[in-house]
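# got a predicted structure here, sequence first:
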Amino acid sequence: MIKETWEERVSMNTAHLKMDENKKAYLESSIKDLVVKDKRIVDYGCACGYLGQLVLDRGCQWYYGIDVSQRAIQFARDYLKGYQNKTLIVSEVLKEGDVFICLNVVQHFPTEQYFKDWIMRVNDMGYEKILLNYREGPVSFREKLYETMEDVLFANTMNSEYVITYMTNYKVYDIIQTGKFTILGFK
């Protein structure tokens, strides 16, 4: 269900396929204090690969992008083709690395159980650092994404304490509130 919803969304909206100054500023502010030089970066929800370009330009060892949308994956591969020897863009397979980044994705998971299963897999991967960014408050496009009303309520009430509860192998080192978004840093 989540995959079909995102494929449809990517197919209908091509505005996100352009890197503009707002997107660049948002991505840069999300990772501004993150050391990526010589690190293996895993980007869950890589979309079109813009974060990949930023971390590759900052000297990461390699970039591994993951997304459910095949269209976004193809766009990211094309967008990052100049970095081919240092990139791999795939669908839904977690990979070991040094730094795990997930920006603006978890609030779109279709069920609370899906989130719990995912966060436990991430928790067990052994990353040096994890950066999670999610939107707090009302979530849009509910009509197709969530399976039950309870899942809509879960997405709309997700908060830092809830996410931190499931990160049993990590300690929070940073919480940044920027408008409707929260950035959690774990190590």
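Everything's here; your move. The structure presented is a predicted model; accordingly, all values stated were derived computationally and were not measured. Residues are numbered from 1 along each chain as shown.
# out of everything not next to it in sequence, what's closest to the residue nearest the centre of the chain?
In the chain, the centroid-proximal residue (C-alpha atoms, centre = their mean) is Cys102; its distance is 2.5 Å. Nearest residue to Cys102, sequence neighbours excluded (C-beta to C-beta, 6 or more residues apart in numbering): Tyr44, at 4.2 Å. (Glycine included, C-beta is placed from N, CA and C.)
# right, and Val55 touches Asp38 too?
No. Judged on C-beta atoms under 8 Å, Val55 makes no contact with Asp38 at a distance of 11.2 Å.
# more neighbours, the two?
Legend: neighbour count by other C-beta atoms under 10 Å for Val55 and Asp38, higher for Val55 (24 against 9).
# list the contacts of that one.
Neighbour list for Val55: Ile31, Val36, Ile41, Asp43, Tyr63 [criterion: C-beta atoms under 8 Å, 6 or more residues apart in numbering].
# run the last query once more with 6 Å
Val36, Ile41, Tyr63 (C-beta atoms under 6 Å, 6 or more residues apart in numbering).
# make sure it is indeed in a strand.
No. Assessed with DSSP: H, G, I helix; E, B strand; the rest coil, Val55 is helix; it does not lie in a strand.
# what pLDDT does it get?
pLDDT, Val55: 95.
# on that earlier part again, next helix or strand past the strand or helix carrying the residue nearest to the centre of the chain?
For Cys102, the host element (DSSP states H and E) is strand 99-103. Proceeding N to C from strand 99-103, the next assigned helix or strand is helix 112-123, under DSSP H and E.
# so what touches the helix or strand just after that following helix?
Next helix or strand after helix 112-123 toward the C-terminus (DSSP H and E): strand 129-135. Applying C-beta under 6 Å, 6+ apart, the external contacts of strand 129-135 come out as 30, 99-104, 106-107, 180-181, 183-187.
# try stretch 114-121
For stretch 114-121, using C-beta under 6 Å, 6+ apart, the contacting residues are Leu94, Phe109, Tyr166.
# averaged over its residues, which helix or strand of the chain has the lowest pLDDT?
helix 142-145 (a mean of 47; mean pLDDT, DSSP states H and E).
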